[in-house]
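Visitor: dropping a prediction and its sequence here:
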Amino acid sequence: MIAIDPAARANVHLIDHPLVQHKLTLMRKKDASTNSFRRLLGELSGLMAYEVFRDMPTQDVEIETPLETMTGKQIDGKKLVFVSILRAGNGILDGVLQVVPGARVGHIGLYRDPKTLQAVEYYFKMPKDMEERDIVVVDPMLATGNSAAAAVTRLKECKPKSIKFLCLLTCPEGINTMYKAHPDVQIFTAAIDRELSDHGYILPGLGDAGDRILGTQ
């Protein structure tokens, strides 16, 4: 079994809230329907988003309550970009957009070569003025880490202010790969599973997230 590099482990934020863990357990069950898997993913993503945005900067704004004027705190969602790694990343988007509906959305299409397990890009579309924005990359699984690291490498070409990575599950291999390529990227996850299978799937995992979201098993 591969060990997690201690320096890499310091970059991982394990979200162990009871509601998060409960919903993740329901999603792992092999008999969970496509509908329930998709619904739970949206709920879980929204819950996890609160931890991802714990340090999000705010600005003071003056507002009128029904009784008087006051100064309140407000985030600027327009400077935030959720980047979905296609296709499974789209399953997380609805949940996080419910928390920050003003965020912009980008997509990057990557597929894993079945022989080399390396990422191959086929689509890339981002909002304008990325230099002013903070990015949260979303993908249910951080498995080999090759696709995630390739996505972050591509996104750094846009010179954003910051990049975080949000996933449901990861494993030592994925964590180490991401850290080796991008030691500045923080990972937020609900679980660190044991290892990868010979075919690059997380064990015990929850199967192929994209297939389970879209019902294409």
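Guide: Thanks, I have the structure now. Residues are numbered from 1 along each chain as shown.
Visitor: need the pLDDT of Pro57.
Guide: At Pro57, the pLDDT value in this model is 82.
Visitor: what's the burial count for it?
Guide: 9 (other Cβ atoms under 10 Å). Where you see a C-beta, it was placed from the backbone N, CA and C, and this is true even at glycine.
Visitor: contacts only, for it.
Guide: Contact analysis of Pro57 by Cβ atoms under 8 Å, 6 or more residues apart in numbering lists Ile75.
Visitor: against Gln74, how distant is it?
Guide: According to Cβ to Cβ, to the nearest Å, Pro57 and Gln74 sit 10 Å apart.
Visitor: can you check Leu86 too?
Guide: 32 Å.
Visitor: Val105 now?
Guide: Per Cβ to Cβ, Val105 is found 21 Å from Gln74.
Visitor: which residue of this protein sits farthest from its center?
Guide: Leu67 (40.4 Å; Cα atoms, centre = their mean).
Visitor: what stretches of this protein score poorly on pLDDT?
Guide: 117, 217 (pLDDT under 70).
Visitor: quick one on the thing from earlier: okay, Val105 and Gln74: which has more neighbours?
Guide: The residue with more neighbours, out of Val105 and Gln74, is Val105; 17 against 11, by other Cβ under 10 Å.
Visitor: backbone dihedrals for the more buried one, please?
Guide: Here is the backbone geometry of Val105 (degrees, to the nearest 10): phi -130, psi 130.
Visitor: contacts only, for it.
Guide: Per Cβ under 8 Å, 6+ apart, neighbours of Val105: Val81, Phe82, Val83, Ser84, Leu93, Leu97, Pro127.
Visitor: how many residues are close by the third one?
Guide: Around Val83 sit 29 other residues, with neighbours defined as other Cβ under 10 Å.
Visitor: what do you get for the second one?
Guide: Around Phe82 there are 21 other residues, counting by other Cβ under 10 Å.
Visitor: cool, thanks, signing off.
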